[in-house]
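*Asks:* Provided below for reference: sequence and predicted model.
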Amino acid sequence: MPLSEPAVKKAKPTDKPYKLTDGKGLYVLVNAAGKYWRMDYRFMGKRKTLALGVYPDVSLSRAREKHTEARQLIEQNSPSESPRSPRTSVPDPNKTVAE
């Protein structure tokens, strides 16, 4: 179920940080220091986290907009769509030029 603005507003810090998820990797991290918009995604097989802002400076609707923009950028820069660059060979220091 997607997040709502009142749910984010009512979220209170606890002993341990926790996440309220919105879907597709977007969540708000609630800890003692505040509420932070984050986005989890995978790039080149590794899990990454992108910070989108601090609540209430960044509202739920603005966080969703930033999330959509970031997903589009990630898809455009996906290594699976870009051609592989040819690997350059590293010269062997043990071989001489005459060989």
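*Replies:* Happy to help now that I have it. The model shown is predicted, which means the values in this text are computed figures rather than measured ones. Numbers count the residues shown, from 1 in each chain.
*Asks:* residue ranges with poor pLDDT in the chain?
*Replies:* Counting by pLDDT under 70, the chain has low-confidence residues at 79-99.
*Asks:* most residues in a single helix of it, which one?
*Replies:* Using DSSP state H, we find that the single longest helix of the chain is helix 60-76.
*Asks:* tell me which residues in that one are buried?
*Replies:* Of all the residues in helix 60-76, those buried under the rule 16 or more other Cβ atoms under 10 Å are Leu60, Ala63, Arg64, Lys66, His67, Ala70, Arg71, Ile74. Using the backbone N, CA and C atoms, a C-beta is placed for each residue, glycine as well.
*Asks:* any idea which element the residue lying closest to the fourth one once chain neighbours are set aside lies in?
*Replies:* It refers to Lys66. Nearest non-adjacent residue to Lys66, counting by Cβ to Cβ, 6 or more residues apart in numbering: Leu52, 4.6 Å away. When elements are assigned from DSSP states H and E, Leu52 belongs to strand 46-55.
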